[in-house]
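>>> the sequence and its predicted three-dimensional model are supplied below.
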Amino acid sequence: MANITVLGAGAWGTAFGQVLADAGNNVTMWAIEPEIVKAIQTEHRNPVRLPSVEKLPDTMTATGDRAEAVAHADVVVVAIAAQVARKALEEFNGLLPDEALVVSLMKGIEKDTGKRMDQVVEEALELPANRFLALSGPNLSKQVAAREPAAAVVGCTDIDNARAFAKMCTTDYFKAFITVDVIGLELCGSLKNVVALAVGMSHGAGYGENTAAMIETRGLTEIKEVGTEAGALPETFYGLAGVGDLIATCGSPLSRNYTFGYNLGKGMSVEDATKASNGVAEGVATASAVVALGERYRVDTPLAKAVTRVLNDGISFDQMIAEMFPKDITVE
Ligand SMILES: NC(=O)C1=CN([C@@H]2O[C@H](COP(=O)(O)OP(=O)(O)OC[C@H]3O[C@@H](n4cnc5c(N)ncnc54)[C@H](OP(=O)(O)O)[C@@H]3O)[C@@H](O)[C@H]2O)C=CC1
Ligand SMILES: O=C(CO)COP(=O)(O)O
């Protein structure tokens, strides 16, 4: 049994905290909002971010105090919105025990720097790479919170650390695989959110499965091309964290990215879709970071470019498709 602290009691942080508690660990949730800390402490609920769960496990506690949260942690799990992760984590620098592992659940790219979450976490906490782990896969939080069977991949440059954490998060309904491909996990998780925005837009605009499949398939190619140039292993893109997460996220109204896109496709403004979103839609900020990554690695990113045109310039879905698929004939 390990002491595990989860930073960020959002929908996924809380649902995954429950997985860790079900796996037999002592789980401490840290949240910035006092209302959430109090609800977990006194009612064993997170009515703000995960209202579908009636009662969280008894072995899950909560605190709003940073030092107290991590003082005895064997593992610190980070589930904070990607664009604020650096600032939030800098406040924990120097507080973590020397040997603690740090696991990121986040799926985004830092917009201002173009950095992946492994880079952001390592910089903010001054953490050596062998103590950084990423967990990624098809994990819609509400379904994991309902204890529906699901799986994810744990990545670390030190495979023994990946294996150790995979054991810590395995339950009868949650299965963890391992890899050394941290970059692949990071880019799969982040970039599929941009694809999910586009698929949501297509359904919102009234189109069906053919259009969705076209976007998903071309999106997967784009993710794989950017990812492999950035140093990821190609096979990661065909695994749980790649095509697996793409299927789950692009196929479910439970996905915030899909729903954000759906609302845009119906004609809502970015501002209104942001207000309507039940949690962070990471793809919105990540889309332009993907375009920048493509430029850095000299890989064309037609899907990400077209999505940024919808987000920044308000072009229609039909115009987006026209920009994604120019008239000239190319080899698939
Ligand atoms: N939901 C899902 O199905 C999955 C989500 N993910 C990824 O996990 C990450 C978190 O997602 P999720 O929990 O669902 O998102 P939510 O939108 O539900 O929660 C975001 C979290 O970030 C926290 N946060 C926001 N601003 C700050 C800040 N300034 N300082 C500290 N904490 C802050 C929020 O705290 P507070 O609530 O107190 O405001 C909350 O805990 C995202 O990167 C997402 O892509 C990955 C897999 C599945
Ligand atoms: O990453 C997810 C499922 O694996 C959740 O996607 P959203 O962030 O779009 O809800």
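Structure received. Here the structure is a predicted model, which means the values were calculated and not measured. Ligands and ions are numbered 1, 2, ... in the order given.
>>> quick check: end-to-end length of stretch 21-32?
With C-alpha to C-alpha, to the nearest Å applied, stretch 21-32 spans 21 Å between its terminal residues.
>>> ignore the last one, stretch 59-73
By C-alpha to C-alpha, the extent of stretch 59-73 from end to end equals 14 Å.
>>> and for that stretch, what's in contact with it?
3-5, 7, 9, 17-18, 21, 25-32, 34, 36-38, 40-41, 44, 76, 91-92, 95-97, 100 (C-beta atoms under 8 Å, 6 or more residues apart in numbering). Glycine gets a C-beta too; all of them are placed from N, C-alpha and C.
>>> tell me how far it lies from the chain's centre.
Here stretch 59-73 is found 23 Å from its chain centre; the criterion is C-alpha atoms, centre = their mean, to the nearest Å.
>>> next SSE after the longest helix along the chain?
Using DSSP state H, we find that the single longest helix of the chain is helix 182-204. With elements assigned by DSSP states H and E, the helix or strand that comes after helix 182-204 is helix 209-229.
>>> spell out which residues of the stretch 201-332 of the chain are next to ligand 2.
In this structure, the stretch 201-332 of the chain approaches ligand 2 at residues Asp245, Ala248, Thr249, Ser255, Arg256, Asn257, Glu282, judged by C-beta under 6 Å from any ligand atom.
>>> go again with 8 Å.
By C-beta under 8 Å from any ligand atom, the residues of the stretch 201-332 of the chain that approach ligand 2 are 245, 248-249, 252, 254-260, 279-283.
>>> quick one: the residue nearest to Leu101 when sequence neighbours are not counted from ligand 2, how far?
Of all residues not flanking Leu101 in the chain, Val75 sits nearest, at 4.8 Å (C-beta to C-beta, 6 or more residues apart in numbering). With the distance defined as C-beta to the nearest ligand atom, to the nearest Å, Val75 ends up 21 Å from ligand 2.
>>> what number of residues are in the vicinity of Pro149?
Residues lying near Pro149 (other C-beta atoms under 10 Å) number 11.
>>> for it, give me its contacts.
With contact taken as C-beta under 8 Å, 6+ apart, Pro149 is in contact with Tyr173, Phe174, Lys175.
>>> so what pLDDT did the second one get?
The model reports Phe174 with a pLDDT of 98.
>>> just the one 10 residues further on next, same as before
Gly184 is assigned a pLDDT of 98 by the prediction.
>>> my guess is it contacts Val226, does it?
No: with contact defined as C-beta atoms under 8 Å, Gly184 and Val226 do not form a contacting pair (11.2 Å).
>>> check contacts around whatever residue of the stretch 151-300 of the chain ends up closest to ligand 1.
Shortest the stretch 151-300 of the chain-to-ligand 1 distance, computed as C-beta to the nearest ligand atom: residue-wise this is Gly279, at 3.1 Å. Neighbouring residues of Gly279 by C-beta under 8 Å, 6+ apart: Gly10, Ala11, Arg49, Arg256.
>>> okay if I get those as a markdown table plus neighbour count, secondary structure and distance to Glu295?
Formatted as a markdown table, the contacts of Gly279 follow (neighbours: other C-beta atoms under 10 Å; DSSP: H, G, I helix; E, B strand; the rest coil; distance: C-beta to C-beta, whole Å):
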| residue | neighbour count | secondary structure | distance to Glu295 |
| --- | --- | --- | --- |
| Gly10 | 23 | coil | 31 |
| Ala11 | 26 | helix | 33 |
| Arg49 | 21 | coil | 35 |
| Arg256 | 24 | helix | 27 |
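>>> which among these gets closest to ligand 2?
Nearest to ligand 2, judged by C-beta to the nearest ligand atom, of the contacts of Gly279 is Arg256 at 3.8 Å.
>>> wait, doesn't the closest one sit right on Val284?
No: assessed by C-beta under 8 Å, Arg256 is found out of contact with Val284, at 9.5 Å.
>>> going by neighbour count, list what's buried in stretch 211-219.
For stretch 211-219, the buried set under the neighbour-count rule, 16 or more other C-beta atoms under 10 Å, comprises Thr211, Ala212, Met214, Ile215, Glu216, Arg218, Gly219.
>>> so of the residues of the stretch 201-332 of the chain next to ligand 2, which ones are in helices?
Mapping those onto helices (DSSP H) picks out Asp245, Ala248, Thr249, Arg256, Asn257, Tyr258, Thr259, Phe260, Gly283.
>>> check those against ligand 1, which are close?
Arg256.
>>> and the residue most central in space within the chain, helix, strand or coil?
Using C-alpha atoms, centre = their mean, the residue of the chain that lies closest to the mean C-alpha position is Lys107, 2.6 Å off. Here Lys107 takes the coil state, with states given by DSSP: H, G, I helix; E, B strand; the rest coil.
>>> leaving out sequence neighbours, find the closest residue to it.
Excluding the flanking residues, the one nearest Lys107 by C-beta to C-beta, 6+ apart is Gly189, at 3.6 Å.
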